[in-house]
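> Have a look; sequence and predicted model below, questions after that.
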Amino acid sequence: MKAGETPSYTFISYLDAQDIVTRGWIPENLPEDTTNIYVTYNLDNNVVNGSFNLTQSGVAVFTERTTTAMAKDFNNIPKAIDPEWDVYREMIYNQKAQGREYQLLQSQEYVFALSDTGHVLFWSK
């Protein structure tokens, strides 16, 4: 991979994404039934952005594996690779994204925005 490249990957399931999970580009704490995983990353600045979908039972598992993020945690994450992710972050931070409510969560490496539909956007810290 050349300097400055930002590869993107899409996976149907968490099982399909295992190679990227082991490399650290997708959070390890996702439930096994996670689907529609998208990730983009930049090795030069170690920034990762992505999204995935959770089932209703997956939401319960995921929220047990993460902690609540404070607004400052969400607002202080690095600039996104894709400018659209910064727009999402701003809208979610202001709770104006598509009329949905978002729960802000975090792990040691990532900050997550979990929508009421089970769709999750994530950013590396």
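The structure has been received and is ready for your questions.

> Tell me how many other residues surround residue 85.
Counted with other C-beta atoms under 10 Å, residues neighbouring residue 85 total 20. No exception for glycine: its C-beta is placed from N, CA and C like everyone else's.

> can I assume it is in contact with residue 123?
Yes: counting by C-beta atoms under 8 Å, residue 85 touches residue 123, with 6.7 Å between them.

> which residues do these two both contact?
Jointly contacting residue 85 and residue 123 under the rule C-beta atoms under 8 Å, 6 or more residues apart in numbering are residue 49.

> Helices of this protein, start to end?
18-22, 56-65, 71-75, 83-93 (DSSP state H).

> For those helices, please prepare a markdown table with the additional fields distance to residue 116 and mean pLDDT.
A markdown table is the format used below for the helices of the chain (distance: least, C-beta to C-beta, whole Å; pLDDT from 0 to 100):
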| stretch | distance to residue 116 | mean pLDDT |
| --- | --- | --- |
| helix 18-22 | 26 | 90 |
| helix 56-65 | 9 | 96 |
| helix 71-75 | 17 | 76 |
| helix 83-93 | 12 | 78 |
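
> Distance to residue 106 for those - can I get that in TSV?
As requested, the helices of the chain are exported to TSV (distance: least, C-beta to C-beta, whole Å):
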stretch	distance to residue 106
helix 18-22	18
helix 56-65	11
helix 71-75	6
helix 83-93	13
